[in-house]
Each structure stands twice: as structure tokens, then as C-alpha cells.
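structure for the following, please:
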Amino acid sequence: MKVRVECYSGRKADERPVRFQLDGRDYVVEEVLDRWYGPRDAFFKVRADDGNLYILRQDQSTPEGLWHLESFRRQCTSRS
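A predicted model of the protein is given here:
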């Protein structure tokens with residue numbers, strides 16, 4: 001699924017995602033939990049401001065660097 005991503009650009013362009021838009025809703029990345037790289041892609045496991053986990057993939061083989069949602073996991077909230 002395609003997703004719009006806004007990135008922090010520090011030492012390099014699109015260094016890490018800071019917010020993304022999915023199905024018309026905006027999410028703020030609260031924490032980058034992990035990142036890894038494949039031959040053509042960069043992956044970021046993030047926790048968004050809704051408390052859920054997302055894996056975002058950037059296709060680095062094209063100049064546009066399109067982003068995709070690879071995985072989603074709803075976090076359970078504990079009840080006291």
C-alpha cells in the first residue's frame with residue numbers, strides 16, 4: 001500500500017521518517033524502533049502517535065523514492 005511520508009533530512013536526504021499519511025489520516029512518528037537496508041529498499045519500523053507499530057519501506061531504486069506500508073501491528077493497551 002502506498003503511503004506519503006515526510007522525512008528528516010540530516011546528513012543525507014530522507015534520513016528517517018517523521019510523519020506519514022495513510023488513508024487520509026496523518027500520523028506522527030514518535031520513535032524509530034529499527035531500520036535495515038536491502039539491495040533496493042530501506043525499511044523503518046516505527047511507533048506512531050496512535051501507539052501502533054508500522055513498517056515503512058522506501059524504494060530507493062527510483063529517483064522518486066516511493067514509500068509503501070509493509071506491515072501494521074495494533075498494540076494492545078493493558079487495563080488496570
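
regarding the protein, what is its longest strand?
Counting residues, the longest strand found in the chain (DSSP state E) is strand 25-37.

so what strands line up beside that strand?
Taking DSSP bridges as the criterion, strand 25-37 forms sheet pairs with strand 16-22 (antiparallel), strand 41-48 (antiparallel).

list the contacts of the shortest one.
The list of residues contacting strand 16-22 from outside it, by C-beta atoms under 8 Å, 6 or more residues apart in numbering, reads 1, 3-8, 26-29, 32, 35, 44, 46, 48, 54, 56, 67, 69. For glycine as for every other residue, the C-beta is placed from the backbone atoms N, C-alpha and C.

and these, which are buried?
3, 5, 7, 27, 29, 32, 44, 46, 48, 54, 56, 67, 69 (16 or more other C-beta atoms under 10 Å).

now tabulate those residues in a markdown table and tack on distance to residue 14 and pLDDT.
Below are those laid out as a markdown table (distance: C-beta to C-beta, whole Å; pLDDT from 0 to 100):
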| residue | distance to residue 14 | pLDDT |
| --- | --- | --- |
| 3 | 13 | 94 |
| 5 | 8 | 95 |
| 7 | 4 | 92 |
| 27 | 17 | 97 |
| 29 | 13 | 97 |
| 32 | 13 | 96 |
| 44 | 10 | 97 |
| 46 | 14 | 97 |
| 48 | 18 | 97 |
| 54 | 16 | 97 |
| 56 | 11 | 97 |
| 67 | 9 | 94 |
| 69 | 16 | 95 |
